[in-house]
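In: any chance you could fold what I've pasted below:
(one chain, ligands or ions: 1)
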Amino acid sequence: METNLYPTIFKRKSVRRYNNQTVDVALLQEIIDQSKSMHPRVDDFEYEVEIVEGHDLKGYLNFKPPMGLVLFAQQHPMADFYAGMIMQKIDLLCSANGLGTCWLGMALPKHDSHKKLKAMATLSVGIADEPLQRDTITQFRRLDITQIRDFPYWDQVLEAVRIAPSATNGQPWYFKVQEDSIAMTFRKRIDIKDIVVSHLRWIDAGIACCHLLIALQEQKIIYTKHLNHKITNENDTICIIDISRVL
Ligand SMILES: Cc1cc2nc3c(=O)[nH]c(=O)nc-3n(C[C@H](O)[C@H](O)[C@H](O)COP(=O)(O)O)c2cc1C
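Out: Numbering: from 1, shown residues only. Okay, the predicted model is just below:
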């Protein structure tokens with residue numbers, strides 16, 4: 001299995017058209033299992049990722065998902081954020097291993113036998129009937145780097161975050177950058193659609209953090225991550241990366 005996720009960040013895309021080929025469930029399970037031990041890890045958070053048939057998903061579905069991967073997780077103040085981190089790793093692993101995926105922000109499983117865990121995030125998955133990946137970075141429709149950070153110290157890292165997927169492509173992140181730190185906050189709301197999908201902004205932040213931590217590791221940057229567990233509003237800093245050195 002391909003587990004080098006950094007190059008996939010620069011190629012992945014949402015896949016909404018699938019052919020009729022069946023998805024290898026064993027490969028999906030392998031991806032789920034592999035993701036648990038891979039960087040960036042989310043520890044001390046109880047969760048399970050389940051494979052469901054596409055027709056067993058309900059809610060807003062703007063295309064027909066062949067299969068779904070559903071994250072069930074414990075109640076936690078950072079649950080949406082962690083859901084983003086966990087499922088983005090799986091999104092990248094799927095793309096790296098030939099499976100098309102798309103986040104489904106408003107889809108839930110029809111059947112839920114969990115008592116303690118709650119369905120939090122869903123990915124559609126199947127065999128792509130369109131290009132699986134992008135050829136060049138210019139094919140990403142995203143904000144310019146200058147719109148998502150204040151100073152250019154860590155642009156080589158933030159480039160991997162800039163192109164992360166987000167609900168309605170809202171890209172709600174903003175980075176306050178110093179020579180030895182990167183602080184992630186939410187960008188000031190400027191678009192009505194950002195408000196509509198407000199609860200998904202936390203998942204988006206987790207996705208961005210996943211890309212950020214993968215890029216830091218790839219570029220051999222030694223850092224300490226501080227997550228703000230007591231966020232009370234969207235102006236708070238979500239996460240600070242203190243950089244000690246570059247190997
Ligand atoms: C939390 C979340 C929810 C999303 N929900 C949907 C959805 O319900 N339907 C859909 O077609 N795309 C959905 N997307 C995909 C985004 O529209 C897509 O990631 C964004 O437009 C960027 O495009 P790309 O993924 O191809 O780079 C969602 C993405 C995220 C991160």
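In: residue contacts, residue 153?
Out: By CB atoms under 8 Å, 6 or more residues apart in numbering, the residues touching residue 153 are 177-179. Quick note: C-beta positions are derived from backbone N, CA and C, even for glycine.
In: closest one to the ligand out of these, please.
Out: Of all these, residue 177 has the smallest distance to the ligand: 23.1 Å, by CB to the nearest ligand atom.
In: if I read this right, that closest one contacts residue 151, doesn't it?
Out: Yes: counting by CB atoms under 8 Å, residue 177 touches residue 151, with 4.7 Å between them.
In: if you count surrounding residues, which of the two has more?
Out: residue 177 (19 against 11; other CB atoms under 10 Å).
In: quickly find the element holding the more buried one.
Out: strand 173-178 (DSSP states H and E).
In: mind listing what's buried in that strand?
Out: Neighbour-count burial for strand 173-178 flags 173-175, 177 (criterion: 16 or more other CB atoms under 10 Å).
In: pick the one among the residues you listed closest to residue 164.
Out: residue 173 (7.9 Å; CB to CB).
In: distance of the closest one relative to the ligand?
Out: 12 Å (CB to the nearest ligand atom, to the nearest Å).
In: tell me the one of the buried residues of strand 173-178 nearest residue 70?
Out: residue 173 (24.7 Å).
In: I'd say that closest one and residue 183 touch.
Out: No: counting by CB under 8 Å, residue 173 stays clear of residue 183, with 10.9 Å between them.
In: around the ligand, pick out the residues from this protein.
Out: 13-14, 16, 60, 62, 102-106, 140, 165-169, 200, 203-204, 207 (CB under 6 Å from any ligand atom).
In: filter these down to just the ones in strands.
Out: Of the positions in the residues of the chain next to the ligand, 102-104 sit in strands, assigned by DSSP state E.
In: tell me the confidence at residue 52?
Out: Per-residue pLDDT puts residue 52 at 97.
In: spatially nearest residue to it, not counting backbone neighbours?
Out: residue 68 (4.6 Å; CB to CB, 6 or more residues apart in numbering).
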